[in-house]
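In: Build me a model from this:
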Amino acid sequence: MAEHSVITPLPGTFYRKATPESAPFVEVGERVDADTVIGLIEVMKQFSELTAGTAGRLTAFAVEDGDPVEPGQVVATLDDQ
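Out: Residues are numbered from 1 along each chain as shown. All right, here's what the predicted structure looks like:
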């Protein structure tokens, strides 16, 4: 079983939901495809989608909803199960 890290290319704020009232894009334990959106990175009121980058099962988020992130930071981990 291989573990994969989802890394943010941007600095900003990480959000797991599109709006405060929305459900999270994905939950830990869910299967995702490479193009599945797992969160948003907000930089100066502009939102960029962060995708899984590879297919697998989401095993953990390394940051919380609303946390600041830096380029190269691990946001989540996946395994290839």
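In: just for this structure, where's the confidence low?
Out: For the chain, applying pLDDT under 70 flags the ranges 1, 81.
In: At which residues are the strands of it located?
Out: 3-7, 12-15, 31-32, 37-43, 46-51, 56-61, 68-69, 74-79 (DSSP state E).
In: Sheet partners, orientation included, of the fifth one?
Out: Strands flanking strand 46-51 in the sheet, each with its direction: strand 37-43 (antiparallel) (DSSP bridges).
In: check contacts around G29.
Out: R57, L58, T59 (C-beta atoms under 8 Å, 6 or more residues apart in numbering). Just so you know, the C-beta spots here come from the backbone N, C-alpha and C atoms, and that holds for glycine as well.
In: Most neighbours out of those, which is it?
Out: L58 (21 neighbours; other C-beta atoms under 10 Å).
In: what's the distance between it and E64?
Out: Separation of L58 from E64 (C-beta to C-beta, to the nearest Å): 15 Å.
In: again with A18
Out: For A18 relative to E64 (C-beta to C-beta), the value is 17 Å.
In: neighbour-wise, which of the two wins?
Out: Neighbours were tallied for A18 and for E64 using other C-beta under 10 Å; the higher tally belongs to A18 (15 against 8).
In: Look up phi and psi at the more buried one.
Out: phi -70, psi -40 (degrees, to the nearest 10).
In: Surely it is in contact with F25?
Out: Yes - with contacts counted by C-beta atoms under 8 Å, A18 reaches F25, the gap being 7.4 Å.
In: Could you check how far the closest residue in space to P68 that isn't next to it in sequence is from D33?
Out: Once flanking residues are discounted, P68 sits nearest to T13: 5.7 Å by C-beta to C-beta, 6 or more residues apart in numbering. T13 sits 25 Å away from D33, going by C-beta to C-beta.
In: out of those two, which sits in the busier spot?
Out: T13 (15 against 11).
In: Bridge partners for the more buried one, pull those for me.
Out: Here T13, judged by DSSP bridges, has bridge partners E42, P68.
In: Okay then, goodbye and thanks.
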